[in-house]
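Participant: can't give you the sequence, but here's the structure:
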(Lines give C-alpha, C1' and ligand atoms only; values in the text may rest on other atoms or scores of the structure.)
Protein backbone atom coordinates (compact mmCIF):
# COMPACT_ATOMS: atom_id res chain seq x y z
CA UNK A 1 0.00 0.00 0.00
CA UNK A 2 2.81 2.45 0.87
CA UNK A 3 4.48 1.68 -2.43
CA UNK A 4 1.26 2.32 -4.37
CA UNK A 5 0.75 5.64 -2.64
CA UNK A 6 4.33 6.59 -3.37
CA UNK A 7 3.99 5.83 -7.07
CA UNK A 8 0.77 7.82 -7.22
CA UNK A 9 2.43 10.76 -5.46
CA UNK A 10 5.41 10.63 -7.81
CA UNK A 11 3.23 10.60 -10.91
CA UNK A 12 1.05 13.38 -9.51
CA UNK A 13 4.09 15.53 -8.80
CA UNK A 14 6.06 14.86 -11.95
CA UNK A 15 3.20 15.06 -14.44
CA UNK A 16 0.32 17.16 -13.10
CA UNK A 17 1.81 19.41 -10.47
CA UNK A 18 4.81 20.79 -12.25
CA UNK A 19 5.02 24.18 -13.88
CA UNK A 20 1.36 24.22 -14.91
CA UNK A 21 0.01 23.53 -11.41
CA UNK A 22 -0.46 27.17 -10.52
CA UNK A 23 -2.91 27.60 -13.41
CA UNK A 24 -4.72 24.36 -12.63
CA UNK A 25 -5.17 25.29 -9.00
CA UNK A 26 -6.19 28.82 -9.87
CA UNK A 27 -9.10 27.46 -11.88
CA UNK A 28 -10.09 24.45 -9.79
CA UNK A 29 -9.11 25.28 -6.22
CA UNK A 30 -10.06 28.93 -5.83
CA UNK A 31 -11.16 28.38 -2.27
CA UNK A 32 -7.85 26.90 -1.28
CA UNK A 33 -5.94 29.77 -2.82
CA UNK A 34 -7.43 32.22 -0.36
CA UNK A 35 -5.46 30.40 2.33
CA UNK A 36 -2.14 30.27 0.46
CA UNK A 37 0.76 30.31 2.86
CA UNK A 38 4.39 31.27 2.77
CA UNK A 39 7.44 29.81 4.42
CA UNK A 40 8.04 31.07 7.94
CA UNK A 41 11.10 33.14 8.65
CA UNK A 42 14.08 30.84 8.92
CA UNK A 43 15.32 30.70 12.50
CA UNK A 44 18.86 31.74 13.32
CA UNK A 45 20.57 28.55 12.24
CA UNK A 46 24.24 28.25 13.09
CA UNK A 47 26.56 27.21 10.29
CA UNK A 48 28.31 24.00 11.17
CA UNK A 49 30.68 21.73 9.34
CA UNK A 50 31.74 18.11 9.31
CA UNK A 51 33.73 17.14 12.36
CA UNK A 52 37.38 16.48 11.66
CA UNK A 53 37.87 12.71 11.61
CA UNK A 54 39.63 11.17 14.56
CA UNK A 55 42.27 8.52 13.95
CA UNK A 56 41.20 6.84 17.18
CA UNK A 57 37.75 5.71 16.06
CA UNK A 58 37.16 2.07 15.17
CA UNK A 59 36.17 2.94 11.60
CA UNK A 60 39.23 5.15 11.10
CA UNK A 61 41.52 2.35 12.26
CA UNK A 62 39.83 -0.09 9.87
CA UNK A 63 40.31 2.32 6.97
CA UNK A 64 43.97 2.81 7.87
CA UNK A 65 44.52 -0.95 8.07
CA UNK A 66 42.77 -1.48 4.73
CA UNK A 67 44.55 1.23 2.70
CA UNK A 68 47.67 0.27 0.71
CA UNK A 69 50.44 2.88 0.58
CA UNK A 70 49.86 5.69 -1.86
CA UNK A 71 46.28 4.82 -2.80
CA UNK A 72 43.68 7.50 -3.46
CA UNK A 73 40.15 6.18 -2.81
CA UNK A 74 38.77 2.71 -2.17
CA UNK A 75 35.38 1.29 -3.14
CA UNK A 76 33.14 -1.73 -2.64
CA UNK A 77 30.22 -2.05 -5.05
CA UNK A 78 26.97 -3.19 -3.43
CA UNK A 79 24.56 -4.51 -6.08
CA UNK A 80 22.58 -6.54 -3.52
CA UNK A 81 19.98 -4.46 -1.71
CA UNK A 82 20.10 -6.20 1.66
CA UNK A 83 23.90 -5.86 1.77
CA UNK A 84 23.56 -2.15 1.07
CA UNK A 85 21.01 -1.65 3.86
CA UNK A 86 23.11 -3.71 6.24
CA UNK A 87 26.19 -1.62 5.42
CA UNK A 88 24.43 1.56 6.55
CA UNK A 89 23.22 -0.07 9.76
CA UNK A 90 26.64 -1.56 10.52
CA UNK A 91 28.33 1.83 10.08
CA UNK A 92 25.71 3.57 12.22
CA UNK A 93 26.19 1.03 15.00
CA UNK A 94 29.98 1.41 14.94
CA UNK A 95 30.14 5.20 14.57
CA UNK A 96 31.74 6.98 17.51
CA UNK A 97 32.10 10.51 16.24
CA UNK A 98 29.60 11.63 13.59
CA UNK A 99 26.93 10.55 11.10
CA UNK A 100 25.94 12.81 8.19
CA UNK A 101 23.04 11.74 5.94
CA UNK A 102 21.05 13.27 3.08
CA UNK A 103 18.22 11.55 1.20
CA UNK A 104 15.50 12.30 -1.30
CA UNK A 105 13.19 9.68 0.26
CA UNK A 106 13.24 8.31 3.79
CA UNK A 107 10.11 6.20 4.09
CA UNK A 108 8.06 5.17 7.11
CA UNK A 109 8.52 1.42 6.60
CA UNK A 110 10.82 -1.38 7.74
CA UNK A 111 14.02 -0.03 6.19
CA UNK A 112 13.26 3.55 7.21
CA UNK A 113 12.37 2.56 10.77
CA UNK A 114 15.54 0.50 11.15
CA UNK A 115 17.72 3.40 10.02
CA UNK A 116 15.93 5.93 12.25
CA UNK A 117 16.34 3.63 15.22
CA UNK A 118 20.05 3.23 14.45
CA UNK A 119 20.48 7.00 14.29
CA UNK A 120 18.82 7.54 17.64
CA UNK A 121 20.88 4.78 19.25
CA UNK A 122 24.04 6.39 17.88
CA UNK A 123 23.06 9.82 19.23
CA UNK A 124 22.37 8.36 22.66
CA UNK A 125 25.95 7.04 22.61
CA UNK A 126 27.18 10.60 22.01
CA UNK A 127 27.53 10.54 18.21
CA UNK A 128 26.65 13.81 16.46
CA UNK A 129 23.96 13.09 13.86
CA UNK A 130 22.97 15.43 11.03
CA UNK A 131 20.04 14.28 8.87
CA UNK A 132 18.94 16.22 5.78
CA UNK A 133 15.79 15.06 3.95
CA UNK A 134 14.09 16.51 0.90
CA UNK A 135 10.60 17.62 1.93
CA UNK A 136 8.63 16.20 -1.01
CA UNK A 137 7.85 12.78 0.48
CA UNK A 138 7.72 13.56 4.22
CA UNK A 139 3.95 13.56 4.71
CA UNK A 140 4.10 10.17 6.49
CA UNK A 141 7.42 10.76 8.26
CA UNK A 142 7.60 14.41 9.33
CA UNK A 143 6.31 13.70 12.85
CA UNK A 144 8.87 10.89 13.22
CA UNK A 145 11.63 13.19 12.00
CA UNK A 146 10.48 15.95 14.36
CA UNK A 147 10.53 13.52 17.29
CA UNK A 148 14.00 12.33 16.29
CA UNK A 149 15.24 15.92 16.23
CA UNK A 150 14.45 16.31 19.92
CA UNK A 151 17.06 13.68 20.77
CA UNK A 152 20.30 15.17 22.14
CA UNK A 153 23.09 15.21 19.52
CA UNK A 154 20.67 15.05 16.57
CA UNK A 155 19.74 17.79 14.11
CA UNK A 156 17.17 17.23 11.35
CA UNK A 157 16.72 19.70 8.50
CA UNK A 158 14.40 19.79 5.47
CA UNK A 159 15.46 20.74 1.96
CA UNK A 160 13.23 23.27 0.20
CA UNK A 161 10.22 22.66 2.45
CA UNK A 162 6.51 23.20 1.92
CA UNK A 163 5.05 25.85 4.15
CA UNK A 164 1.86 24.25 5.42
CA UNK A 165 -1.13 21.94 4.83
CA UNK A 166 1.28 19.09 5.46
CA UNK A 167 -1.25 16.26 5.69
CA UNK A 168 -1.05 15.34 1.99
CA UNK A 169 0.85 16.18 -1.18
CA UNK A 170 -2.12 17.77 -3.00
CA UNK A 171 -2.89 19.95 0.01
CA UNK A 172 0.73 21.02 0.29
CA UNK A 173 0.78 22.17 -3.32
CA UNK A 174 -2.63 23.82 -3.01
CA UNK A 175 -1.44 25.87 -0.05
CA UNK A 176 1.67 26.90 -2.01
CA UNK A 177 0.05 27.41 -5.41
CA UNK A 178 2.01 30.59 -6.15
CA UNK A 179 5.32 29.01 -5.12
CA UNK A 180 5.44 26.14 -7.63
CA UNK A 181 8.69 27.18 -9.38
CA UNK A 182 10.53 26.95 -6.05
CA UNK A 183 8.86 23.68 -5.03
CA UNK A 184 9.70 22.06 -8.36
CA UNK A 185 13.36 22.14 -7.29
CA UNK A 186 14.15 18.96 -5.33
CA UNK A 187 17.24 17.38 -3.75
CA UNK A 188 17.75 13.97 -5.36
CA UNK A 189 21.09 13.25 -3.60
CA UNK A 190 21.71 10.07 -1.56
CA UNK A 191 24.64 10.08 0.87
CA UNK A 192 25.62 8.48 4.19
CA UNK A 193 28.94 9.35 5.92
CA UNK A 194 30.20 7.73 9.13
CA UNK A 195 32.94 9.26 11.32
CA UNK A 196 34.20 11.25 8.34
CA UNK A 197 36.03 8.18 6.98
CA UNK A 198 33.47 5.84 5.36
CA UNK A 199 30.59 6.71 3.04
CA UNK A 200 27.76 4.91 1.25
CA UNK A 201 26.33 6.52 -1.88
CA UNK A 202 24.62 5.60 -5.12
CA UNK A 203 21.05 5.27 -6.36
CA UNK A 204 19.20 3.97 -3.32
CA UNK A 205 16.78 5.96 -1.22
CA UNK A 206 15.71 4.65 2.20
CA UNK A 207 12.60 2.55 1.62
CA UNK A 208 11.90 -1.18 1.47
CA UNK A 209 11.70 -1.34 -2.33
CA UNK A 210 15.29 -0.14 -2.70
CA UNK A 211 16.56 -3.08 -0.65
CA UNK A 212 14.34 -5.80 -2.20
CA UNK A 213 12.14 -5.96 0.91
CA UNK A 214 8.82 -4.90 -0.64
CA UNK A 215 6.11 -7.43 -1.51
CA UNK A 216 4.86 -5.53 -4.57
CA UNK A 217 7.72 -3.71 -6.30
CA UNK A 218 11.50 -3.75 -5.93
CA UNK A 219 14.38 -2.04 -7.69
CA UNK A 220 17.58 -3.28 -9.30
CA UNK A 221 19.96 -0.64 -7.98
CA UNK A 222 23.59 0.09 -7.12
CA UNK A 223 25.45 1.64 -4.18
CA UNK A 224 29.10 1.76 -3.21
CA UNK A 225 31.00 1.89 0.05
CA UNK A 226 33.75 4.52 -0.26
CA UNK A 227 36.83 5.41 1.77
CA UNK A 228 39.95 7.52 1.26
CA UNK A 229 40.37 10.92 -0.35
CA UNK A 230 36.86 10.88 -1.84
CA UNK A 231 35.27 11.14 1.64
CA UNK A 232 36.44 14.71 2.46
CA UNK A 233 35.07 15.74 -0.93
CA UNK A 234 31.71 14.22 -0.01
CA UNK A 235 31.77 15.93 3.38
CA UNK A 236 32.38 19.27 1.67
CA UNK A 237 29.37 18.67 -0.58
CA UNK A 238 27.27 17.70 2.42
CA UNK A 239 28.24 20.84 4.33
CA UNK A 240 27.27 23.04 1.37
CA UNK A 241 23.78 21.56 1.46
CA UNK A 242 23.46 21.52 5.24
CA UNK A 243 24.28 25.21 5.52
CA UNK A 244 22.33 26.36 2.47
CA UNK A 245 19.62 28.98 2.86
CA UNK A 246 17.14 26.61 1.14
CA UNK A 247 17.44 24.23 4.11
CA UNK A 248 15.33 24.73 7.26
CA UNK A 249 15.48 23.16 10.73
CA UNK A 250 12.53 20.80 10.90
CA UNK A 251 11.07 22.57 13.94
CA UNK A 252 10.65 25.73 11.83
CA UNK A 253 8.32 23.87 9.48
CA UNK A 254 6.69 20.91 11.26
CA UNK A 255 4.53 21.45 14.31
CA UNK A 256 4.00 18.62 16.80
CA UNK A 257 0.63 16.90 16.76
CA UNK A 258 0.98 15.90 20.43
CA UNK A 259 3.04 16.71 23.48
CA UNK A 260 6.77 16.05 23.58
CA UNK A 261 6.56 12.92 25.75
CA UNK A 262 3.80 11.37 23.64
CA UNK A 263 5.63 12.24 20.41
CA UNK A 264 8.84 10.57 21.61
CA UNK A 265 6.91 7.56 22.89
CA UNK A 266 5.24 7.18 19.50
CA UNK A 267 8.64 7.38 17.75
CA UNK A 268 10.13 4.73 20.04
CA UNK A 269 7.16 2.45 19.51
CA UNK A 270 7.12 2.80 15.74
CA UNK A 271 10.86 2.14 15.29
CA UNK A 272 10.96 -0.56 17.96
CA UNK A 273 13.42 1.10 20.35
CA UNK A 274 12.51 -1.23 23.21
CA UNK A 275 12.51 -4.42 21.13
CA UNK A 276 15.48 -6.42 20.00
CA UNK A 277 16.92 -5.03 16.76
CA UNK A 278 15.40 -6.74 13.70
CA UNK A 279 17.85 -8.96 11.93
CA UNK A 280 18.52 -8.28 8.26
CA UNK A 281 18.66 -11.71 6.62
CA UNK A 282 21.79 -11.84 4.48
CA UNK A 283 23.10 -14.45 2.04
CA UNK A 284 26.64 -15.70 2.50
CA UNK A 285 27.94 -13.69 -0.48
CA UNK A 286 26.69 -11.41 -3.22
CA UNK A 287 27.10 -11.91 -6.97
CA UNK A 288 30.60 -10.39 -6.82
CA UNK A 289 31.68 -12.87 -4.15
CA UNK A 290 31.72 -10.37 -1.25
CA UNK A 291 30.28 -11.27 2.13
CA UNK A 292 28.41 -8.95 4.52
CA UNK A 293 30.46 -5.89 5.40
CA UNK A 294 29.91 -6.41 9.13
CA UNK A 295 32.05 -9.54 9.11
CA UNK A 296 34.99 -7.63 7.67
CA UNK A 297 34.48 -4.69 10.01
CA UNK A 298 34.61 -7.13 12.92
CA UNK A 299 37.90 -8.45 11.52
CA UNK A 300 39.42 -4.97 11.36
CA UNK A 301 40.06 -4.85 7.62
CA UNK A 302 37.89 -4.60 4.52
CA UNK A 303 38.61 -5.56 0.92
CA UNK A 304 38.35 -2.63 -1.49
CA UNK A 305 39.24 -1.70 -5.05
CA UNK A 306 41.27 1.48 -5.50
CA UNK A 307 41.67 4.36 -7.91
CA UNK A 308 41.65 8.14 -8.34
CA UNK A 309 38.14 9.51 -7.83
CA UNK A 310 36.18 12.73 -7.74
CA UNK A 311 32.81 13.54 -6.22
CA UNK A 312 30.54 15.88 -8.17
CA UNK A 313 27.33 17.59 -7.14
CA UNK A 314 24.97 20.30 -8.23
CA UNK A 315 24.86 23.36 -5.98
CA UNK A 316 21.96 23.27 -3.49
CA UNK A 317 20.57 26.47 -4.99
CA UNK A 318 20.46 25.07 -8.53
CA UNK A 319 18.02 27.11 -10.64
CA UNK A 320 17.28 29.54 -7.81
CA UNK A 321 19.88 32.06 -8.99
CA UNK A 322 20.64 30.89 -12.52
CA UNK A 323 18.90 30.35 -15.83
CA UNK A 324 18.00 26.89 -17.11
CA UNK A 325 20.90 27.04 -19.57
CA UNK A 326 23.31 28.02 -16.78
CA UNK A 327 21.99 25.21 -14.59
CA UNK A 328 22.54 22.69 -17.37
CA UNK A 329 26.02 23.99 -18.22
CA UNK A 330 27.25 23.54 -14.64
CA UNK A 331 25.23 20.40 -13.80
CA UNK A 332 26.37 16.94 -12.81
CA UNK A 333 24.51 15.78 -15.94
CA UNK A 334 26.77 17.86 -18.18
CA UNK A 335 29.91 16.64 -16.42
CA UNK A 336 28.61 13.10 -16.84
CA UNK A 337 28.19 13.65 -20.60
CA UNK A 338 31.67 15.19 -20.78
CA UNK A 339 33.12 11.97 -19.38
CA UNK A 340 31.12 9.81 -21.79
CA UNK A 341 32.42 11.78 -24.75
CA UNK A 342 36.02 10.95 -23.82
CA UNK A 343 35.36 7.32 -24.73
CA UNK A 344 37.67 5.81 -27.30
CA UNK A 345 36.25 2.28 -27.52
CA UNK A 346 33.04 1.63 -25.61
CA UNK A 347 30.37 3.02 -23.29
CA UNK A 348 27.94 0.94 -21.21
CA UNK A 349 25.25 2.86 -19.40
CA UNK A 350 22.23 2.14 -17.20
CA UNK A 351 19.49 4.70 -16.57
CA UNK A 352 15.94 3.95 -15.39
CA UNK A 353 14.67 7.11 -17.11
CA UNK A 354 16.38 7.62 -20.47
CA UNK A 355 15.22 10.76 -22.31
CA UNK A 356 18.42 11.95 -24.02
CA UNK A 357 16.94 15.00 -25.72
CA UNK A 358 18.41 16.41 -28.92
CA UNK A 359 21.78 17.24 -27.33
CA UNK A 360 22.11 13.81 -25.75
CA UNK A 361 21.08 12.14 -28.98
CA UNK A 362 23.73 14.09 -30.86
CA UNK A 363 26.30 12.96 -28.28
CA UNK A 364 25.39 9.30 -28.76
CA UNK A 365 25.54 9.70 -32.53
CA UNK A 366 28.92 11.39 -32.33
CA UNK A 367 30.24 8.44 -30.32
CA UNK A 368 28.93 6.02 -32.92
CA UNK A 369 30.45 8.10 -35.75
CA UNK A 370 33.83 7.58 -34.06
CA UNK A 371 33.04 3.84 -33.96
CA UNK A 372 32.65 3.81 -30.17
CA UNK A 373 30.41 0.95 -29.04
CA UNK A 374 27.40 2.25 -27.06
CA UNK A 375 25.23 -0.08 -24.96
CA UNK A 376 22.22 1.31 -23.08
CA UNK A 377 20.06 -0.47 -20.49
CA UNK A 378 16.81 1.13 -19.35
CA UNK A 379 13.35 0.10 -18.20
CA UNK A 380 10.82 -1.49 -20.52
CA UNK A 381 7.35 0.04 -20.51
CA UNK A 382 6.18 -2.75 -18.19
CA UNK A 383 9.02 -2.03 -15.75
CA UNK A 384 8.76 1.76 -15.83
CA UNK A 385 6.96 3.41 -12.91
CA UNK A 386 6.64 6.57 -15.05
CA UNK A 387 4.84 5.58 -18.31
CA UNK A 388 4.90 9.13 -19.64
CA UNK A 389 8.67 9.27 -19.18
CA UNK A 390 8.79 6.08 -21.24
CA UNK A 391 6.96 7.97 -23.98
CA UNK A 392 9.79 10.51 -23.99
CA UNK A 393 12.33 7.71 -24.28
CA UNK A 394 10.37 5.96 -27.03
CA UNK A 395 10.63 9.12 -29.19
CA UNK A 396 14.38 8.42 -29.47
CA UNK A 397 14.31 4.62 -29.57
CA UNK A 398 14.37 4.17 -33.35
CA UNK A 399 17.02 6.84 -33.74
CA UNK A 400 19.22 5.21 -31.09
CA UNK A 401 18.96 1.86 -32.84
CA UNK A 402 19.51 3.40 -36.27
CA UNK A 403 22.72 5.03 -35.03
CA UNK A 404 24.04 1.61 -34.02
CA UNK A 405 23.51 1.78 -30.25
CA UNK A 406 22.79 -1.54 -28.56
CA UNK A 407 19.56 -1.07 -26.62
CA UNK A 408 18.21 -3.26 -23.83
CA UNK A 409 15.04 -2.91 -21.75
CA UNK A 410 14.61 -4.54 -18.34
CA UNK A 411 11.98 -7.27 -18.16
CA UNK A 412 10.00 -7.49 -14.87
CA UNK A 413 9.31 -11.20 -15.43
CA UNK A 414 12.91 -12.10 -16.20
CA UNK A 415 14.16 -10.00 -13.26
CA UNK A 416 11.86 -11.93 -10.93
CA UNK A 417 13.31 -15.22 -12.15
CA UNK A 418 16.92 -14.02 -11.99
CA UNK A 419 17.93 -14.25 -8.31
CA UNK A 420 21.54 -13.13 -8.73
CA UNK A 421 20.74 -9.51 -7.84
CA UNK A 422 18.20 -10.26 -5.11
CA UNK A 423 15.24 -12.44 -4.18
CA UNK A 424 12.40 -10.56 -5.87
CA UNK A 425 9.83 -13.29 -5.21
CA UNK A 426 6.55 -12.34 -6.90
CA UNK A 427 7.29 -8.61 -6.80
CA UNK A 428 7.70 -6.43 -9.87
CA UNK A 429 11.34 -5.80 -10.78
CA UNK A 430 12.39 -2.36 -11.99
CA UNK A 431 15.71 -0.74 -12.87
CA UNK A 432 16.83 2.16 -10.67
CA UNK A 433 20.64 2.05 -11.00
CA UNK A 434 22.35 5.06 -12.57
CA UNK A 435 25.77 3.83 -13.72
CA UNK A 436 28.17 4.06 -16.63
CA UNK A 437 31.49 2.47 -17.63
CA UNK A 438 33.81 4.05 -20.21
CA UNK A 439 36.57 2.08 -21.96
CA UNK A 440 36.58 -0.63 -19.28
CA UNK A 441 38.33 1.66 -16.78
CA UNK A 442 36.37 4.81 -15.90
CA UNK A 443 33.02 4.52 -14.16
CA UNK A 444 30.25 6.74 -12.89
CA UNK A 445 27.86 5.97 -10.03
CA UNK A 446 25.30 8.27 -8.48
CA UNK A 447 21.79 9.71 -8.56
CA UNK A 448 21.60 11.19 -12.09
CA UNK A 449 18.94 9.99 -14.52
CA UNK A 450 19.47 10.89 -18.18
CA UNK A 451 16.30 12.96 -18.37
CA UNK A 452 15.44 16.67 -18.40
CA UNK A 453 14.56 16.76 -14.71
CA UNK A 454 18.01 15.62 -13.57
CA UNK A 455 19.65 18.02 -15.99
CA UNK A 456 17.95 21.26 -15.02
CA UNK A 457 15.70 20.86 -11.98
CA UNK A 458 16.82 18.29 -9.42
CA UNK A 459 20.12 18.47 -7.60
CA UNK A 460 22.24 15.37 -8.10
CA UNK A 461 25.34 13.71 -6.66
CA UNK A 462 27.77 11.24 -8.14
CA UNK A 463 31.33 9.92 -8.18
CA UNK A 464 33.70 9.34 -11.08
CA UNK A 465 36.41 6.73 -10.58
CA UNK A 466 39.37 5.63 -12.70
CA UNK A 467 39.87 1.96 -11.84
CA UNK A 468 39.98 -0.94 -14.34
CA UNK A 469 39.34 -3.43 -11.52
CA UNK A 470 36.25 -1.60 -10.26
CA UNK A 471 35.04 -1.03 -13.82
CA UNK A 472 35.32 -4.77 -14.46
CA UNK A 473 33.03 -5.49 -11.51
CA UNK A 474 30.52 -2.86 -12.65
CA UNK A 475 30.51 -4.35 -16.13
CA UNK A 476 29.79 -7.76 -14.66
CA UNK A 477 26.72 -6.40 -12.87
CA UNK A 478 25.48 -4.53 -15.95
CA UNK A 479 25.92 -7.63 -18.08
CA UNK A 480 23.95 -9.79 -15.65
CA UNK A 481 20.95 -7.49 -16.02
CA UNK A 482 21.49 -6.97 -19.75
CA UNK A 483 21.85 -10.64 -20.67
CA UNK A 484 19.70 -12.37 -18.06
CA UNK A 485 16.97 -9.86 -17.15
CA UNK A 486 16.32 -7.76 -20.25
CA UNK A 487 15.04 -7.70 -23.82
CA UNK A 488 17.40 -6.81 -26.65
CA UNK A 489 15.86 -4.46 -29.20
CA UNK A 490 16.34 -4.77 -32.95
CA UNK A 491 15.41 -2.32 -35.72
CA UNK A 492 14.23 -3.98 -38.92
CA UNK A 493 15.42 -2.97 -42.38
CA UNK A 494 12.43 -0.66 -42.88
CA UNK A 495 13.89 1.53 -40.08
CA UNK A 496 10.47 1.89 -38.44
CA UNK A 497 9.67 -1.52 -36.92
CA UNK A 498 11.22 -2.60 -33.61
CA UNK A 499 11.44 -6.17 -32.34
CA UNK A 500 12.12 -7.28 -28.77
CA UNK A 501 14.29 -10.39 -28.47
CA UNK A 502 14.77 -12.69 -25.51
CA UNK A 503 15.79 -16.26 -24.79
CA UNK A 504 13.31 -18.80 -23.44
CA UNK A 505 14.90 -22.15 -22.57
CA UNK A 506 17.70 -21.58 -25.10
CA UNK A 507 15.21 -20.61 -27.80
CA UNK A 508 15.04 -17.08 -29.18
CA UNK A 509 11.65 -15.42 -28.76
CA UNK A 510 10.75 -12.41 -30.91
CA UNK A 511 8.04 -9.95 -29.88
CA UNK A 512 6.56 -7.16 -31.98
CA UNK A 513 5.01 -4.96 -29.29
CA UNK A 514 5.96 -3.56 -25.88
CA UNK A 515 6.51 -6.80 -23.89
CA UNK A 516 4.62 -7.54 -20.66
CA UNK A 517 2.72 -4.26 -20.96
CA UNK A 518 -1.01 -3.65 -20.57
CA UNK A 519 -3.24 -1.96 -23.13
CA UNK A 520 -3.63 0.98 -20.76
CA UNK A 521 0.14 1.48 -20.55
CA UNK A 522 0.42 1.34 -24.33
CA UNK A 523 -2.51 3.74 -24.68
CA UNK A 524 -0.82 6.29 -22.41
CA UNK A 525 2.44 6.39 -24.34
CA UNK A 526 0.80 6.36 -27.77
CA UNK A 527 -2.03 8.80 -27.18
CA UNK A 528 -1.19 10.85 -24.08
CA UNK A 529 2.61 10.72 -24.28
CA UNK A 530 3.02 12.82 -27.45
CA UNK A 531 0.97 15.61 -25.83
CA UNK A 532 3.45 16.00 -22.95
CA UNK A 533 6.31 18.45 -23.65
CA UNK A 534 9.71 16.86 -23.27
CA UNK A 535 10.75 19.56 -20.80
CA UNK A 536 8.17 18.17 -18.35
CA UNK A 537 9.48 14.58 -18.48
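Facilitator: Great, that's in hand. The structure displayed is predicted, hence computed values, not measured ones.
Participant: just the strands in the stretch 51-200 of the chain please.
Facilitator: With strands called from DSSP state E, counting those that start in this stretch, the stretch 51-200 of the chain shows them at 73-78, 98-103, 128-134, 154-159, 191-194, 198-202.
Participant: find the residue at the geometric middle of the protein.
Facilitator: The chain has residue 203 as the residue nearest its centroid, 3.4 Å off, counting by Cα atoms, centre = their mean.
Participant: and that residue, how far from residue 510?
Facilitator: Distance, residue 203 to residue 510, by Cβ to Cβ, to the nearest Å: 32 Å. No exception for glycine: its C-beta is placed from N, CA and C like everyone else's.
Participant: kindly report the same for residue 66.
Facilitator: Distance from residue 66 to residue 510, counting by Cβ to Cβ: 49 Å.
Participant: looking at the two, which one has more neighbours?
Facilitator: Each of residue 66 and residue 510 has its neighbours counted (other Cβ atoms under 10 Å); residue 66 has more, 18 against 9.
Participant: what sits against that one?
Facilitator: Taking Cβ atoms under 8 Å, 6 or more residues apart in numbering, we find residue 66 in contact with 74, 227, 301, 302, 303, 304.
Participant: tell me who's in contact with the residue nearest to the centre of the chain.
Facilitator: If you count contacts by Cβ under 8 Å, 6+ apart, residue 203 has them with 190, 210, 219, 221-223, 432-435, 445-447.
Participant: mind redoing it with 10 Å?
Facilitator: 84, 188, 190, 210, 219-223, 350, 352, 431-435, 445-449, 462 (Cβ atoms under 10 Å, 6 or more residues apart in numbering).
Participant: return the helix or strand in the protein with minimum mean pLDDT.
Facilitator: Lowest mean confidence among the helices and strands of the chain (mean pLDDT, DSSP states H and E): helix 21-28, at a mean of 36.
Participant: element containing residue 312, please.
Facilitator: strand 309-313 (DSSP states H and E).
Participant: which elements pack onto that strand?
Facilitator: strand 73-78, strand 223-228, helix 230-242, helix 332-340, strand 442-446, strand 461-466 (3 or more Cβ pairs under 10 Å, 6 or more residues apart in numbering; DSSP states H and E).
Participant: try it again with 8 Å
Facilitator: Judged by 3 or more Cβ pairs under 8 Å, 6 or more residues apart in numbering; DSSP states H and E, strand 309-313 is in contact with helix 230-242, helix 332-340, strand 461-466.
Participant: burial-wise, tell me which of the ones you listed comes out on top.
Facilitator: strand 461-466 (a mean of 23; mean count of other Cβ atoms under 10 Å).
Participant: residue 281 sits in which helix or strand?
Facilitator: Since the elements are taken from DSSP H and E, residue 281 ends up inside neither a helix nor a strand.
Participant: quick one, what contacts it?
Facilitator: residue 82.
Participant: likewise the one 5 residues further on?
Facilitator: Shown here is residue 286, whose contacts under the criterion Cβ under 8 Å, 6+ apart are 78, 79, 80, 83.
Participant: can you redo these as CSV with pLDDT, neighbour count and distance to residue 174?
Facilitator: As requested, these are exported to CSV (pLDDT from 0 to 100; neighbours: other Cβ atoms under 10 Å; distance: Cβ to Cβ, whole Å):
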residue, pLDDT, neighbour count, distance to residue 174
78, 98, 25, 40
79, 97, 28, 41
80, 96, 27, 41
83, 97, 26, 41
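Participant: check those and tell me the two furthest apart.
Facilitator: Farthest-apart pair in those is 79 and 83; separation 8.1 Å (Cβ to Cβ).
Participant: go through the strands of the stretch 51-200 of the chain and name the closest to residue 253.
Facilitator: Smallest distance to residue 253 across the strands of the stretch 51-200 of the chain (Cβ to Cβ): 5.7 Å, for strand 154-159.
Participant: quick one: average confidence on the closest one?
Facilitator: For strand 154-159, the mean per-residue pLDDT is 98.
Participant: with stretch 325-337 instead?
Facilitator: Stretch 325-337 comes out with an average pLDDT of 88.
Participant: distance check, the closest residue to the residue nearest to the centre of the chain other than its chain neighbours against residue 79.
Facilitator: The spatially closest residue to residue 203, leaving aside those adjacent along the chain, is residue 221, at 4.6 Å (Cβ to Cβ, 6 or more residues apart in numbering). Counting by Cβ to Cβ, the gap from residue 221 to residue 79 is 8 Å.
Participant: and what of residue 156?
Facilitator: Taking Cβ to Cβ as the measure, residue 156 falls 30 Å from residue 79.
Participant: can you check residue 504 too?
Facilitator: Distance of residue 504 to residue 79, given as Cβ to Cβ: 25 Å.
Participant: how many neighbouring residues does residue 276 have?
Facilitator: Applying other Cβ under 10 Å, I find that residue 276 has 6 neighbouring residues.
Participant: sorry, that was for residue 511
Facilitator: Residues lying near residue 511 (other Cβ under 10 Å) number 13.
Participant: beta-bridge partners for it, please?
Facilitator: In this entry, residue 511 is beta-bridged to residue 500, by DSSP bridges.
Participant: could you look up the SS state of residue 407?
Facilitator: At residue 407 the chain is in strand, as set by DSSP: H, G, I helix; E, B strand; the rest coil.
Participant: name the nearest residue to it, ignoring sequence neighbours.
Facilitator: For residue 407, the closest residue by Cβ to Cβ, 6+ apart turns out to be residue 489, at 4.4 Å.
Participant: wait, doesn't that neighbour sit right on residue 501?
Facilitator: Yes. If you go by Cβ atoms under 8 Å, residue 489 and residue 501 touch, sitting 7.5 Å apart.
Participant: who's more crowded, those two?
Facilitator: Each of residue 489 and residue 501 has its neighbours counted (other Cβ under 10 Å); residue 489 has more, 20 against 14.
Participant: what about the more buried one, distance to residue 523?
Facilitator: 21 Å.
Participant: state the mean pLDDT of stretch 130-142.
Facilitator: 96.
Participant: before we move on, what about stretch 89-101?
Facilitator: Stretch 89-101 shows a mean pLDDT of 98.
Participant: again, but for stretch 174-194
Facilitator: In this model, stretch 174-194 carries a mean pLDDT of 92.
Participant: now do stretch 104-118
Facilitator: Here the average pLDDT along stretch 104-118 is 97.
Participant: with stretch 55-75 instead?
Facilitator: The average of the pLDDT scores along stretch 55-75 is 97.
Participant: not counting its neighbours along the chain, what's nearest residue 455?
Facilitator: Closest to residue 455 by Cβ to Cβ, 6+ apart is residue 333, at 4.2 Å.
Participant: what about residue 111, how many neighbours?
Facilitator: Quick note: residue 111 (other Cβ under 10 Å) scores 25 neighbours.
Participant: repeat that for residue 207.
Facilitator: By other Cβ under 10 Å, neighbour count at residue 207 equals 23.
Participant: tell me how far it lies from residue 105.
Facilitator: 6 Å.
Participant: let me see the domain layout of the protein.
Facilitator: Using automatic domain parsing, the domain parsing of the chain gives 2-299, 310-536.
Participant: mean pLDDT lowest for which of those?
Facilitator: Mean pLDDT is lowest for domain 2-299 among the domains of the chain, at a mean of 89.
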